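In: When you get a sec, could you give me coordinates for this:
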Amino acid sequence: MILHSQLVEQTVDRSVRGRFLKELVLARGTWPLAMVRKRLAQPGAQSTRDGAVASRAVLLLIHGYAQNRYAFHLPSRSWVNQLALAGYDVFNIDLRGRGRSSVLGARRPNHVLDFIREDVPAALEEIQRLAGPQPVFLIGHSLGGIVSYCVASDARERVAGVVSVGSPYHFALGSRWLTAFAYLFTRFDARVPLPNAVIPARSYGRLVRAARRVMDSRFTPLPFRGFHPGSMEPHVLEEHMRLAMDRGSIATMREMFGWAEELRARRHGSDGLFGYAPRFEALDVPLLVIAGLHDDLAPPASVRPAWERSQSTDRKYREFPAGHIDLLVGRDAPATVWPLVGRWLDERARA
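Out: The predicted structure follows:
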């Protein structure tokens, strides 16, 4: 259901701007879910009735843990707008408990499987109702990439390909800090079970904004910074922390850290990835896996196994000198990550 449409002129990056048809879309699943749809506007269009240019393919962008759709779209740097400018029909979702979906009443999740089995399938159904029956490319950041792996395993006929950006396949592998934190969290939670409370990522965003010079310094010892010091211009970092940082949940954190602890204790076998590992690894779907060499939340050692274990006949792996957030909106992303994904999509959209 399209709730609102308008023609907008917005920034892609720096001095590059574009004119787009922007639509607020509502998908009805277990809970109402909000998406923003962007397409390149027809030349000379004066109203939304003039429509958008014909799209090359349809994309669904899925944000990570404790973030929202703004992870892909900042006023000063928007990967959403870059993809729409390239001729793609781009849907950018707020998962339940995040952004507009939270405003519409979609409560925080009880399980990661809520995203996999309910939210994204409902979004795909609405996307294909609006854009046509063609399969959709999934582009997921962090937890969004993990969700994409699982959704593709459940609904291969609906998925044209998967791009994961900074998405751990073996959570915490390669990070002693995350492994230690997972151990402490799971031990404490086993003794004093924690309620499914909110994780206030917005508070971290406010802290970074208030103490940016300290938080963005390479001399500040932060094991879970989430971005590489100096990777983003001050105004871009401020925008991300103000707009994209949202709320997480204890339930999702429990499942992620439980996954990491199973791996540490050598109990993590072929039933990993929330039970989806065997099906994902056997899945023959176009796959692009991207990791950041400076990513303190999803080090390459945790990301690369998705590519290594996949049996896809069309799979690719790339690393960039970037942190977790900078892979999406860092200073170098428009010249590194964005073009790589663009070329990958172009080749498969023509197939």
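In: going forward, measure contacts and count neighbours with C-alpha atoms only.
Out: Will do.
In: hey, which helix or strand in this structure has the poorest pLDDT?
Out: Ranking every helix and strand in the chain by mean pLDDT, DSSP states H and E puts helix 250-264 at the bottom, with a mean of 86.
In: what helices or strands is the helix or strand following that helix leaning on?
Out: Going down the chain from helix 250-264, the next helix or strand is helix 277-282, by DSSP states H and E. Counting contacts by 3 or more C-alpha pairs under 8 Å, 6 or more residues apart in numbering; DSSP states H and E, helix 277-282 packs against helix 143-154.
In: Direction included, what does the very next helix or strand once past the helix it packs on pair against?
Out: Using DSSP H and E, the next helix or strand after helix 143-154 towards the C-terminus is strand 159-165. Sheet pairing of strand 159-165 (DSSP bridges) gives strand 136-141 (parallel), strand 287-292 (parallel).
In: Report the angle between the least confident helix or strand of the chain and helix 143-154.
Out: Per axes from the mean of the first three to the mean of the last three C-alpha atoms, to 10 degrees, the angle that helix 250-264 makes with helix 143-154 is 80 degrees.
In: any residues touching helix 250-264, and which ones?
Out: Outside helix 250-264, the residues that touch it by C-alpha atoms under 8 Å, 6 or more residues apart in numbering are 109-112, 170-173, 179, 182-183, 185-186, 194-199, 268, 272-273.
In: pLDDT weak spots in the stretch 201-350 of the chain?
Out: Regions of the stretch 201-350 of the chain meeting the criterion pLDDT under 70 cover residues 266-271.
In: got the contact list for residue 7?
Out: 19, 20, 21, 22, 41, 47, 48.
In: can you give me the helices in the stretch 51-200 of the chain?
Out: Using DSSP state H, counting those that start in this stretch, the helices of the stretch 51-200 of the chain run over residues 79-85, 99-103, 112-114, 120-131, 143-154, 176-191.
In: Tell me the helices and strands packed up against the fourth one.
Out: Using 3+ C-alpha pairs under 8 Å, 6+ apart as the contact criterion, the secondary-structure elements in contact with helix 120-131 are strand 16-28.
In: What strands line up against the helix or strand following the strand it packs on, and which way round?
Out: As assigned by DSSP H and E, the chain's next helix or strand after strand 16-28 is strand 32-40. Here strand 32-40 has these sheet partners by DSSP bridges: strand 16-28 (antiparallel), strand 89-94 (antiparallel).
In: just the ones you listed: most buried one?
Out: strand 89-94 (a mean of 26; mean count of other C-alpha atoms under 10 Å).
In: what sits up against it?
Out: For strand 89-94, contacts defined as C-alpha under 8 Å, 6+ apart pick out 33-39, 55-63, 68-69, 72, 80, 83-84, 100-101, 123, 127.
In: rewinding a little: adding mean neighbour count and distance to residue 203, write the strands paired with strand 159-165 out as CSV.
Out: Putting the strands paired with strand 159-165 into CSV (neighbours: other C-alpha atoms under 10 Å; distance: least, C-alpha to C-alpha, whole Å) gives the following:
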stretch, mean neighbour count, distance to residue 203
strand 136-141, 25, 21
strand 287-292, 25, 25
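In: of all these, which lies closest to residue 242?
Out: Evaluated over these, closeness to residue 242 peaks at strand 136-141, with 18.3 Å, by C-alpha to C-alpha.
In: and the angle for that closest one with helix 120-131?
Out: 130 degrees.
In: I'd like the mean pLDDT over strand 136-141, please.
Out: Per-residue pLDDT over strand 136-141 has a mean of 98.
In: Show residues contacting it.
Out: Contacts for strand 136-141 (C-alpha under 8 Å, 6+ apart): 57-64, 124, 145-148, 158-167.
In: now do stretch 43-53
Out: Contacts of stretch 43-53 (C-alpha under 8 Å, 6+ apart): 5, 6, 7, 20, 21, 39, 40, 41, 42, 87.
In: Among those, name the buried ones.
Out: Neighbour counting by 16 or more other C-alpha atoms under 10 Å classes 5, 7, 20, 21, 39, 40, 41, 42, 87 among the contacts of stretch 43-53 as buried.
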